[in-house]
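1. below are the sequence and a predicted model for it; my questions follow.
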Amino acid sequence: MEKATRANNYHYNKSLNQLAKKNKKELTKSAVCIWKYVLSRKQMLGYQFRRERPILNYIADFVCLELMLIIEVDGITHQSEEALKKDQLRDENLNEVGFTVLRFSSWEVLNRINDVSTIIIEWVNAKVNSTP
């Protein structure tokens with residue numbers, strides 16, 4: 001599959017629009033926390049993140065198109081072996097078109113938000129400094 005670019009609207013999937021809108025209205029406590037304290041209003045080093053963005057056949061929790069970075073916050077439903085396999089396939093498909101996926105557990109977001117923020121900052125700085 002071709003890489004995600006502005007020309008192909010980063011593989012935006014408008015057929016998932018309604019579900020994405022519904023998800024935006026029903027964010028989990030951990031998603032609200034990372035949005036409010038880390039990702040909204042260009043708090044992350046001036047980069048714009050979007051919530052609940054349909055990409056390929058998935059809805060990314062948070063995405064920065066400029067960085068090609070997806071942030072996923074995984075609740076308890078992601079802990080089963082079947083869910084882990086689905087997440088792995090999802091990450092592989094998103095990586096194939098050029099995205100990097102960083103995953104955090106709900107617990108990490110709710111209990112170690114500063115550590116989560118630091119990990120994202122370090123990733124962004126490494127990405128920016130490695131790009132010519």
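-> Looks like it arrived, so ask away.

2. wait, what's in contact with the closest residue to residue 19 other than its chain neighbours?
-> Among residues not flanking residue 19 along the chain, residue 59 sits closest, at 6.4 Å (Cβ to Cβ, 6 or more residues apart in numbering). In this view, the C-beta of every residue, glycine as well, is placed from N, C-alpha and C. Residue 59 makes contacts with 16, 19, 20, 23, 52, 53, as judged by Cβ atoms under 8 Å, 6 or more residues apart in numbering.

3. just those: which are in helices?
-> In this view, those that belong to helices under DSSP state H are 19, 20, 23.

4. related to what we said a few turns ago, looks to me like the residue nearest to residue 19 is in a strand.
-> Yes - counting by DSSP: H, G, I helix; E, B strand; the rest coil, residue 59 is located in a strand.

5. relative to residue 80, how far out is it?
-> Distance of residue 59 to residue 80, computed by Cβ to Cβ, to the nearest Å: 19 Å.

6. report the beta-bridge partners for the residue nearest to residue 19.
-> residue 54 (DSSP bridges).

7. averaged pLDDT, the helix of greatest length in the chain. What do you get?
-> With secondary structure taken from DSSP H, the chain has its longest helix at helix 113-130. Mean per-residue pLDDT for helix 113-130: 96.

8. and which of the contacts of residue 59 is nearest to residue 36?
-> residue 52 (15.0 Å; Cβ to Cβ).

9. mind listing what the closest one touches?
-> If a contact means Cβ under 8 Å, 6+ apart, then residue 52 has 20, 21, 23, 24, 59, 60, 61 as its contacts.
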